[in-house]
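In: Sequence isn't available, so here's the structure alone:
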């Protein structure tokens, strides 16, 4: 008997489902949304809760019908990926979800006193944390998870940049710091990390430019001034 096809669900960046390494491009929208909903949860969820979350603007009975339709229209491979029980619906343990792996990566980076493997500081790991969660989806059940992921990944990117700086991987450290800035452009700690990367490489002019960009952005957008936490990093670098 042949082994079942592996199933991967991608919710970071563009949504995608792969079976045996091949993308399944024919799933109806409702079925895609159901798989995405389950991918964002690591436990079984009651069918009534799923239906109400996914179809909040219709009557309960109609939402239930929509959920049953989404289930029935899964293809045979993805249908086997959904486990139904008295507790509700969940994805099978063998289903690989990029979001869950990315969450685990971020938490490893932020766990103090734990050795960090080189793979968690690789270019691929920086790229993983640079991805938004379903950026073109505007459902309420996505929004809360997306905000939690934004907060988690910006902290993890800053820590990646700090660790990479310590290990002398300055180009990758700068990449991680810039990714953190893209996540939260006004976050002072992210800009401070980038300045430290430039200083570690002896690039004082780049450090000053990074500081000046942040100061201008903060003033124009929010009418604020940088705090001493970041100005102290560049004190003495400019003209006397």
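Out: Noted; the coordinates are in hand. No experiment lies behind these values; they were computed from the predicted model shown.
In: all strands of this protein, in order?
Out: 7-10, 16-19, 22-23, 82-85, 88-91, 96-97 (DSSP state E).
In: Name every strand pairing with the third one and say which way it goes.
Out: If I follow you right, that is strand 22-23. If you go by DSSP bridges, strand 22-23 pairs up with strand 16-19 (antiparallel).
In: do the fourth one as well
Out: When pairing is defined by DSSP bridges, strand 82-85 lines up against strand 88-91 (antiparallel).
In: hmm, back to that, okay if I get the strands of the chain as JSON lines plus distance to residue 63?
Out: For the C-beta atoms, the positions are set from N, CA and C on the backbone; glycine is no exception. Output for these, formatted as JSON lines (distance: least, C-beta to C-beta, whole Å):
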{"stretch": "strand 7-10", "distance to residue 63": "22"}
{"stretch": "strand 16-19", "distance to residue 63": "23"}
{"stretch": "strand 22-23", "distance to residue 63": "29"}
{"stretch": "strand 82-85", "distance to residue 63": "17"}
{"stretch": "strand 88-91", "distance to residue 63": "14"}
{"stretch": "strand 96-97", "distance to residue 63": "24"}
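In: closest one to residue 141 among these?
Out: strand 88-91 (13.8 Å; C-beta to C-beta).
In: of all the strands of the chain, which lies closest to residue 38?
Out: strand 88-91 (4.9 Å).
In: now the closest one: mean pLDDT?
Out: For strand 88-91, mean pLDDT rounds to 96.
In: How far off centre is it?
Out: Taking C-alpha atoms, centre = their mean, to the nearest Å, one finds strand 88-91 lying 22 Å from the centre of the chain it belongs to.
In: thinking again about what came up before, residue 124: which of the strands of the chain is closest?
Out: strand 7-10 (14.3 Å).
In: before we move on, the earlier item: turn the strands of the chain into CSV, columns for mean neighbour count and distance to residue 171.
Out: What follows is the strands of the chain, written out as CSV (neighbours: other C-beta atoms under 10 Å; distance: least, C-beta to C-beta, whole Å):
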stretch, mean neighbour count, distance to residue 171
strand 7-10, 20, 27
strand 16-19, 18, 29
strand 22-23, 10, 32
strand 82-85, 13, 43
strand 88-91, 19, 37
strand 96-97, 18, 30
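In: right, and the ones you listed - which one's nearest residue 173?
Out: strand 7-10 (26.7 Å).
In: partners of the closest one in the sheet?
Out: strand 16-19 (antiparallel), strand 96-97 (parallel).
In: quick one, which of these is nearest to residue 66?
Out: strand 16-19 (19.3 Å).
In: Contacts for stretch 177-186, please.
Out: 126, 129-130, 150, 153-154, 157-158, 161, 187, 190-191, 193-194, 197, 217-218, 221-222 (C-beta atoms under 8 Å, 6 or more residues apart in numbering).
In: what's the answer for stretch 114-129, then?
Out: 12, 98, 101-102, 105-106, 108-109, 153, 156-157, 160, 163-164, 167, 169, 172, 175-176, 179.
In: how does it look with 6 Å?
Out: The contact list for stretch 114-129 (C-beta atoms under 6 Å, 6 or more residues apart in numbering) reads 102, 105, 108, 153, 156-157, 163-164, 175-176.
In: can you check stretch 45-60 too?
Out: 63-64, 66-67, 88, 141.
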